[in-house]
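>>> here's a sequence, model it:
(4 chains)
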There are 2 protein chains.
Amino acid sequence: MSLTREKILELGEELILKRGYNAFSYQDISSELGIKNAAVHYYFPAKENLGTSIIKNNILRFEEMLDNMNTREFDEWGQLEAFFKFYLKSNREDKICILGSLGSEFQSLSESTKRELQKMTGMIIEWLSSILDKGRNKGLFKYIGDAKSRALLILSCLVAGLQLARLMDKSDFKAIHLQLLDDLKP
Amino acid sequence: MSLTREKILELGEELILKRGYNAFSYQDISSELGIKNAAVHYYFPAKENLGTSIIKNNILRFEEMLDNMNTREFDEWGQLEAFFKFYLKSNREDKICILGSLGSEFQSLSESTKRELQKMTGMIIEWLSSILDKGRNKGLFKYIGDAKSRALLILSCLVAGLQLARLMDKSDFKAIHLQLLDDLKP
DNA sequence: TTGCTTACTTACTTACAAGTAAGTATCTTT
DNA sequence: AAAGATACTTACTTGTAAGTAAGTAAGCAA
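Prediction:
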């Protein structure tokens, strides 16, 4: 794997999370990395290829996180906290979540980028639903309604929590985070 | 007040809510309205003026909604439902909320647009906190924690609920909406 | 009736974003 | 040693976004 390619992916992701997909250009990437515009096109012929690859990368990292939690035998609280930790880090770094960033510009994305984003969102919701379901069955969590609705609600809180906290006050995310935890406690 | 100016504001808002601030141009507006590019610049010299004016307009409409609810003496449930109704309508129209749309591209906005967005968000959170507080004191609502944290959590659910529902399935927003209501019932 | 304001249009500039075609240096394989 | 393949650069094209300067037609006001 090429180091330059990885740097482009990393910086592209950072730009999406900080400024938004339509607010950055290949020039932003090439000048920051000290390469030429065409070098970015060499790895990602069109911007939609870069966008789609960044999501695929996120899917891979999500799957790695799940594998890691499985091998280390995290219980449902542990898994939820690991997931939350990811958002707490984003909050510290003034980044939002990729679902919220690309979701807000959804209609302006290419079909392949849209599909990849839907795939990733679907995976997260499914995983979150399953651990909420298992955790409640074990008596670890308490909540009203079905697991999928609760997963949608919690994920929404995290996604827009980052957006609102970046806009208003970083500490607002901590408040949301604590409320989410308290609400789930039996 | 000019009709053209109002049409530009309306269409500009729709474009922000459907595609995103950085994904539309003055050309999109002028061609749709059958006017020239420069006519849009006549009312809004720079794009940031348009962005800021759209938010100011939203603040006005929010204040009108509050006035209306006050004169009609809505109780706290009624006020909350009126607010939710706004989001349900956006969901039907495949629009997201202006807070989430501009919030996701926050770092790319001009200082005046940022300030206006912060003002609007602050007003909404303050209002939501106050009715959650009053409603709980009257025994209408039940929730854990302080009113402001609860307001942040509920607003986050609405904001990202629209984003996720547009991305995945429109009916997902209904699920989130019902959960929010159930969670507040005493 | 002259002049001022409003609401635009015409015609342009500047800049930048996206993308491409062709060339080149280096390493790698046959 | 010749022929790819890899990883770029040089130099360009095309399109579009943002913005502006100057002009104009219509209405209204003194």
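
>>> what does chain A put close to DNA strand D?
By the criterion of C-beta under 7 Å from any atom of the strand, the positions of chain A lying close to DNA strand D are A:2-5, A:35-39, A:42. Every residue, glycine included, has its C-beta placed from N, CA and C.

>>> those into a markdown table, with extra columns for pLDDT?
Formatted as a markdown table, the residues of chain A next to DNA strand D follow (pLDDT from 0 to 100):
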| residue | pLDDT |
| --- | --- |
| A:2 | 91 |
| A:3 | 94 |
| A:4 | 96 |
| A:5 | 97 |
| A:35 | 96 |
| A:36 | 95 |
| A:37 | 95 |
| A:38 | 96 |
| A:39 | 97 |
| A:42 | 97 |
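
>>> let's have the residues you listed in CSV, adding neighbour count and secondary structure.
Formatted as CSV, the entries for those read as follows, by neighbours: other C-beta atoms under 10 Å in any protein chain shown; DSSP: H, G, I helix; E, B strand; the rest coil:
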residue, neighbour count, secondary structure
A:2, 9, coil
A:3, 7, helix
A:4, 14, helix
A:5, 15, helix
A:35, 15, coil
A:36, 13, coil
A:37, 13, helix
A:38, 9, helix
A:39, 16, helix
A:42, 14, helix
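
>>> closest to chain B out of those residues?
Using C-beta to the nearest C-beta, residue A:37 is the member of these that sits closest to chain B, with 19.5 Å.

>>> let me see the contact set for the closest residue to that closest one other than its chain neighbours.
With C-beta to C-beta, 6 or more residues apart in numbering or on different chains as the measure, residue A:30 is the residue that lies nearest to residue A:37, at 4.8 Å, once sequence neighbours are left out. Contacts for residue A:30 were tallied using C-beta atoms under 8 Å, 6 or more residues apart in numbering or on different chains; they are A:36-37, A:39-40.

>>> just the pLDDT at residue A:19, thanks.
Taken from the predicted model, the pLDDT recorded for residue A:19 is 98.

>>> kindly report the same for the one 10 residues further on.
In this prediction, residue A:29 carries a pLDDT score of 98.

>>> ok, back up a step: among the contacts of residue A:30, which ones lie close to DNA strand C?
Intersecting those with the contacts of DNA strand C gives residue A:37 (criterion: C-beta under 7 Å from any atom of the strand).

>>> quick one, phi psi at the residue of chain A found nearest DNA strand C?
Taking C-beta to the nearest atom of the strand as the measure, chain A has residue A:25 as its residue closest to DNA strand C, at 3.0 Å. Here is the backbone geometry of residue A:25 (degrees, to the nearest 10): phi -130, psi 170.

>>> count of residues packed around it?
Neighbour count of residue A:25, defined by other C-beta atoms under 10 Å in any protein chain shown: 13.

>>> cool, and residue A:66?
Neighbourhood size, residue A:66 [other C-beta under 10 Å]: 17.

>>> what helix or strand is it on?
Assigned by DSSP states H and E, residue A:66 belongs to helix A:47-71.

>>> and the contacts of that helix?
Defining contact as C-beta under 8 Å, 6+ apart, one finds that helix A:47-71 is touched by A:8-9, A:12-13, A:16, A:21, A:26, A:40, A:44, A:78-79, A:82-83, A:86, A:98, A:102, A:109-110, A:112-113, A:116-117, A:119-120, A:123-124, A:127.
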